[in-house]
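A.B. asks: Pasting a predicted model and its sequence here:
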Amino acid sequence: EYIEPYLNEYNFISTKKSVETTIRCSLKGNPPAIYQWFLGDISTDSHKEIVSQQIDYVITPDKNTTITCIAKNNRGIQRQVYVLQIID
């Protein structure tokens with residue numbers, strides 16, 4: 001399942017435990033954006049470890065998890081925070 005960014009900075013996604021979920025962070029721009037995924041709710045100037053630099057991030061959560069996507073080009077930076085909530 002692909003999840004696209006919404007108008008809100010924070011997006012809550014319901015998913016089942018141990019089910020692979022693909023989150024897509026996309027931004028139209030010229031030049032095209034580069035993407036950085038981080039675990040947790042981080043700011044745009046974070047020095048935390050980047051877990052992926054692809055447009056899609058695949059995760060198989062076993063607990064509630066927060067993931068941040070930073071998309072940037074020479075015109076600016078956009079941040080999207082995804083909160084994966086485990087449901088039964």
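C.D. replies: Cool, the structure landed.
A.B. asks: From now on I want contacts and neighbour counts done on CA atoms only, so please keep to that.
C.D. replies: Noted.
A.B. asks: for stretch 17-24, how far is the first residue from the last?
C.D. replies: 19 Å (Cα to Cα, to the nearest Å).
A.B. asks: again with stretch 33-49
C.D. replies: Rule used - Cα to Cα; the end-to-end distance of stretch 33-49 is 19 Å.
A.B. asks: Can you give me the buried ones in it?
C.D. replies: Within stretch 33-49, the residues scored as buried using 16 or more other Cα atoms under 10 Å are 33-39, 41-42.
A.B. asks: Among these, name the ones in strands.
C.D. replies: Per DSSP state E, strands hold the following members of these: 34-39.
A.B. asks: Among those residues, which one sits closest to Y57?
C.D. replies: W37 (7.4 Å; Cα to Cα).
A.B. asks: what separates the nearest residue to E20 once chain neighbours are set aside from T44, distance-wise?
C.D. replies: Leaving aside its sequence neighbours, E20 sits nearest to T60 (Cα to Cα, 6 or more residues apart in numbering; 4.3 Å). Using Cα to Cα, T60 is found at 25 Å from T44.
A.B. asks: One more: I50?
C.D. replies: Counting by Cα to Cα, the gap between I50 and T44 amounts to 12 Å.
A.B. asks: With N8 instead?
C.D. replies: Applying Cα to Cα to N8 and T44 gives a distance of 16 Å.
A.B. asks: Which helix or which strand is home to the residue most central in space within the chain?
C.D. replies: Central residue of the chain (Cα atoms, centre = their mean): C69, 3.7 Å from the mean position. Assigned by DSSP states H and E, C69 belongs to strand 65-73.
A.B. asks: and Y35, what is it in contact with?
C.D. replies: 25, 52-55, 69-72 (Cα atoms under 8 Å, 6 or more residues apart in numbering).
A.B. asks: And the furthest pair within these?
C.D. replies: Across those, no pair lies farther apart than S52 and K72, at 14.2 Å, counting by Cα to Cα.
A.B. asks: Name the next helix or strand downstream of the lowest-mean-pLDDT helix or strand in the chain, please.
C.D. replies: Scoring the helices and strands of the chain by mean pLDDT, DSSP states H and E places strand 2-3 at the bottom, with a mean of 53. Once the chain leaves strand 2-3, the next helix or strand it forms, by DSSP H and E, is strand 10-16.
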